[in-house]
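Undergrad: need a 3D model of the following:
(chains A, B and C)
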Amino acid sequence: MARIEFKGVSKTYPDGTRAIVDLNLVVEDGELLCLLGPSGCGKSSTIRVLAGLETVSDGMILADNNRIDHLPPQARDCAMIFENYALYPHLTAFENIAMPLRARRLPASEIKARVTKIARILRMEHLMGRRPSRLSGGEKQRVGIGRALVREPAMFLMDEPLGHLEAYLRVELRAEIRKLQERLGITTIYVTHDQEEAAAIADRIVVMSAGRLQQVGSFLDLFDRPVNRFVAEFVGEPPMVFLPVERTNADSIAVKGVRIPLSEPLRAALRATQDRELILGIRPNDFSLGPPVRDHLNGTVTLVQPQGDHAIVAVSTPAGPATAIVPSDRRPAPGATIGLTFAGERLHLFDSAARALNKGEGGG
Amino acid sequence: MEASRTDYFSLGEPKPDSMKLAVERRRATWLLIAPAFAVLLGLNLFPIVYALYISCHYWMLARPQPPRFAGLSNYQELFFDARFRNSVLVSLKFIVLAVGIEMLLGFGLAFVFNTRLRGMATLRKLTLLPSLVMPLVVGLVWFYMFNENFGIVNWFWVMLGGTRVPFLTQGALALLSIVATDVWQWTPFVMLVFFAALQALPEYVYEAARIDGLSGSQIFFRVTLPLLRPAILIVLIIRAVDALRSLELVFMMTKGGPAGDTEVLPWYLYTTGFMSLDLGYAAAMAVLMLALVTILSQLFVRLLESREVTP
Amino acid sequence: MTVGLVRNKDLKAGVRRSAAAWPIGTLRYLVAAIFTGFCLFPLYVILTTALKTETAIFAWPPVWNFRPTLQSFYNALFVFGGRSAISYLINSVIISAVSTFLAVVLGAMAAYGFARFSFAGKRHLAFWILSTRFAPPVAFIVPIYLMVQKAGMLDSHIALILIYTAMNLSLVIWILRGFFSEIPIEIEEAALVDGYSRLQIFWRVALPLVRPGIVSTAILSAIFSWNEFLYAMVLTQSKAATLPVYLAGFSNSMGLAWGEYMAVGTMAVLPILVFTFALQKHLVRGLTFGAVK
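TA: Numbering: from 1, shown residues only, chains lettered A, B, ... in the order given. Next comes the predicted model:
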């Protein structure tokens, strides 16, 4: 159990790549925190720096208020699960799981007891005698999980552990991981590029881009109150629709001449800025489609993708392309002219620096 | 686990043409492999059989009588031949000493070179030269360097405070000198193989080991060494067989002397066959040698097979 | 004092990064330099002895600074007791070149056959071919000498060429088989669909793609043929005798003609030096038969 703190952590590689830039983050004791972001955003670097596999260029890392960034991996009480399993190819599953215990020179009987216990929890007793080359991907990752569990460490670090597994296995294993983590209450940092995965298991999510922390919060926080355009676009599938708007007044905007109704908090936020280059953001599920109405936002349907109980509709509007999600029985025909309506409270506005205008509700 | 497709056998060939294609495929296979197979059949398999045949005869090239069938009496004679026993013993000593030192030195040096420091790659490439140079020339130059009267080795020895030593003509020293020459020639090869094996070790396994809490020496003995085992065995067999059959150094430097102290099995075989011209006896030795080499090469082949299974 | 660029990923294979990295770096350079020097020193001796005068060669203590002379080279190549080294040199070149050519051609064909086709007994055949690499020449010369003698081919180029081809086939086949296996089979399947025959595919599609393998096995085969001594000595006399045979005659010269023999030794060794640097990349793969990549 550990409370982890990153204070001003930066990591620049010898070739000049700035993988982490001024990271300040607190990971609460016992929580499952996801690092979410596209490839190259620094999430893997963050976890490696925490593990001790890379050194910190600047700043420091604390575990329970003790500084650990100068310690080698062996001295930090963390266990890691790798994307490519990183199992010892020449050892059986049993020996793989036992290795951390052998490193600490525990007596053989205790090693045997603890490894068998883990094997039972993970339902893998029948696989203990096999080498990694004879295990499937899912089984290999289970061994990796076992190797991490057997140590009862202060923190779990997981670097895209399910990346190489098939879809159904991913769903199954992530649920197992979450259950285990809840039961053991070990602080866990989980790296992934899959927001659905993050949404499913994380207590809190950290969105990263280009080495910087963009926003930290629960999935709903990120979904409803994205703090900038990157988070707004990255979180939520299909992604948010962005339309350029003109500012018609201190507190009103229009899209290609069509006045957009704004909620009061948004109008207040708008009054607070002088910015004239603004972007409107709307989530596909916040659109309603209906017959075209004058002086409203209308467009032509370009593509309809049925997805079972709902359909994804691509619409071409004078202001740009848009995507909407509608119930299957209400879907329009391709080529039809339709009108788009949306509720004022569900809108997001972004200024010229791509920051979201603060609507002042809840926190952020 | 998917099997990788590398041969046509798994190709789904269209039905109507399948007969024609199968015939064409068989023809192609035969045409491609037959020439090489023929050469090896004639120059490898047949000589072995022929050697067996010769070994069962009294066959002296120097005498006017034709070869005479002798059953297994050549082998019988070998069994009681003290000089043969000595040659086997000398060969054994040579192999154990030379290959042993090469393996240890080569192994250690591989770690020294296992780094990306600037210039090390060039140095490493330069070290390979001894292993590629004509062995006869190696014998020539070390014969020069070990010379009692003007040899450079003696010069070093005297500088270190000793007196001039007849390296190549004094008892046990002669064999040690040959061993030293062989070590000079083949340690780079061993080092290179271990170096390549080290480079091929997966980095992620070491990351996992460090996270698991293994200390440096634990990592070496529990991870590095076991993962290097296939390479160690492969190099061991290659060197052992090559040391067993090497002749050039003895030929150039000691000619089996002094008094049989460096008479390795190949030398005894060679002198029996081409100086004493006793072909039958030499053939018997050859057959025994071939038997030994066959066993070792089978081990090697089995090793290669198992390597393909380990990830 | 910086001795070189030490990067994070430098110390592979589990060697821990210690706080004081520079003493280890210096130590590495020291050991590496000493070892490399030790490896190269005898080669230096060959060259310098070839360039020394006779008095310098026999001098005690050994002479390090001397006035070089090409007398030994001249003697060995043109004069020496009726045994000029030139014909030996030429024979070595011819025999190495032709046997390498044959080994590569026959070997590539067979390697492709092994890589792409299956047939009964393939595994056993392949392993038998691999095991011929270990054939001890000293055990084979007894039957082979008789065979060559009965065929009337003693002291002929063709005998050595064929024997060296057989000697190198194992290496060529085993290495090229690996290279051929690495070609994605889809490329050849596409050619099949386009109507090419299997042999045409071998010649036009597969072979060009394994050029690096061909180059390295050719160079290795050439080196092995060039260096080979026992078969050459037993089976040739004067017409087809190669450089090693000339060098073997050193003992007959009563151990006095050091300069001339070192000169020939230099000539025997020089081509190797040239080719080694071209070879580096696939060398280990070649020398261990693909067991270690």
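Undergrad: domain-wise, how is the chain divided?
TA: Picked chain A for this. A:4-230, A:239-350 (automatic domain parsing).
Undergrad: hmm, no, I was thinking of chain C.
TA: C:21-69, C:77-287.
Undergrad: ok, back up a step: and the domains of chain A, which is most packed in?
TA: With neighbours defined as mean count of other C-beta atoms under 10 Å in any protein chain shown, those peak in mean count at domain A:4-230, which reaches a mean of 19. (Glycine included, C-beta is placed from N, CA and C.)
Undergrad: next, see if that one gets close to chain C.
TA: Yes: applying C-beta under 8 Å from any C-beta of the partner chain, one finds domain A:4-230 in contact with chain C at A:13-14, A:54-55, A:72.
Undergrad: is that domain up against chain B anywhere?
TA: Yes: under the criterion of C-beta under 8 Å from any C-beta, domain A:4-230 makes contact with chain B via A:51-53, A:72-74, A:78-80, A:82, A:84, A:86-91, A:99-100, A:102-104, A:132-133, A:136, A:147, A:151.
Undergrad: closest to chain A out of the domains of chain C?
TA: In terms of C-beta to the nearest C-beta, the element of those nearest to chain A is domain C:21-69, at 12.4 Å.
Undergrad: hang on, the earlier thing: just say which of the domains of chain C is most tucked in.
TA: Note that of the domains of chain C, domain C:77-287 is the most buried (mean count of other C-beta under 10 Å), with a mean of 20.
Undergrad: what about that one, average pLDDT?
TA: Averaging pLDDT along domain C:77-287 gives 89.
Undergrad: ditto for stretch B:215-225
TA: Rounded mean pLDDT across stretch B:215-225 is 93.
Undergrad: return it as CSV; C-alpha atoms alone will do.
TA: C-alpha atoms of stretch B:215-225 as CSV (Å, rounded to 0.1, in the frame of the first residue of the first chain):
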residue,chain,number,x,y,z
SER,B,215,20.8,-8.9,-7.6
GLY,B,216,23.5,-8.7,-10.2
SER,B,217,25.0,-12.1,-9.4
GLN,B,218,21.5,-13.7,-9.2
ILE,B,219,20.7,-12.3,-12.6
PHE,B,220,23.9,-13.8,-14.0
PHE,B,221,23.4,-17.2,-12.6
ARG,B,222,19.7,-17.5,-12.8
VAL,B,223,19.0,-15.7,-16.1
THR,B,224,22.1,-15.0,-18.2
LEU,B,225,23.8,-18.3,-17.8
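Undergrad: returning to what we had before: name the nearest of the residues of domain A:4-230 next to chain C relative to residue B:76.
TA: Of all those, residue A:72 has the smallest distance to residue B:76: 66.7 Å, by C-beta to C-beta.
Undergrad: tell me the phi and psi of the nearest residue to the closest one once chain neighbours are set aside?
TA: With C-beta to C-beta, 6 or more residues apart in numbering or on different chains as the criterion, residue A:72 has its nearest non-adjacent residue at 5.8 Å, and that residue is residue A:52. Dihedral pair for residue A:52: phi 100, psi 10, per degrees, to the nearest 10.
Undergrad: can you pull the contacts of residue A:52?
TA: A:68, A:71-73, A:75-76, A:78, B:210-211 (C-beta atoms under 8 Å, 6 or more residues apart in numbering or on different chains).
Undergrad: show me these that map onto strands.
TA: Using DSSP state E, residue A:78 are the members of those that sit in strands.
Undergrad: tell me if residue A:16 really is in a helix.
TA: No: counting by DSSP: H, G, I helix; E, B strand; the rest coil, residue A:16 falls outside a helix, being coil.
Undergrad: I'd like to know how far it sits from residue A:46.
TA: 18 Å (C-beta to C-beta, to the nearest Å).
Undergrad: could you do residue B:210 as well?
TA: 18 Å.
Undergrad: ok, now residue A:320?
TA: 35 Å.
Undergrad: which residues touch residue 224?
TA: Assuming you mean chain A. Not one residue lies near residue A:224 by C-beta under 8 Å, 6+ apart.
Undergrad: meant chain C actually
TA: C:164, C:167-168, C:171 are the contacts of residue C:224 under C-beta under 8 Å, 6+ apart.
Undergrad: may I have the phi/psi pair for residue C:54?
TA: Main-chain dihedrals, residue C:54, degrees, to the nearest 10: phi -60, psi -40.
Undergrad: isn't it right up against residue C:259?
TA: Yes: between residue C:54 and residue C:259 there is a contact under C-beta atoms under 8 Å: 6.2 Å.
Undergrad: contacts only, for residue C:46.
TA: For residue C:46, the contact set (C-beta under 8 Å, 6+ apart) comprises B:137, B:140-141, C:262, C:265-266, C:269.
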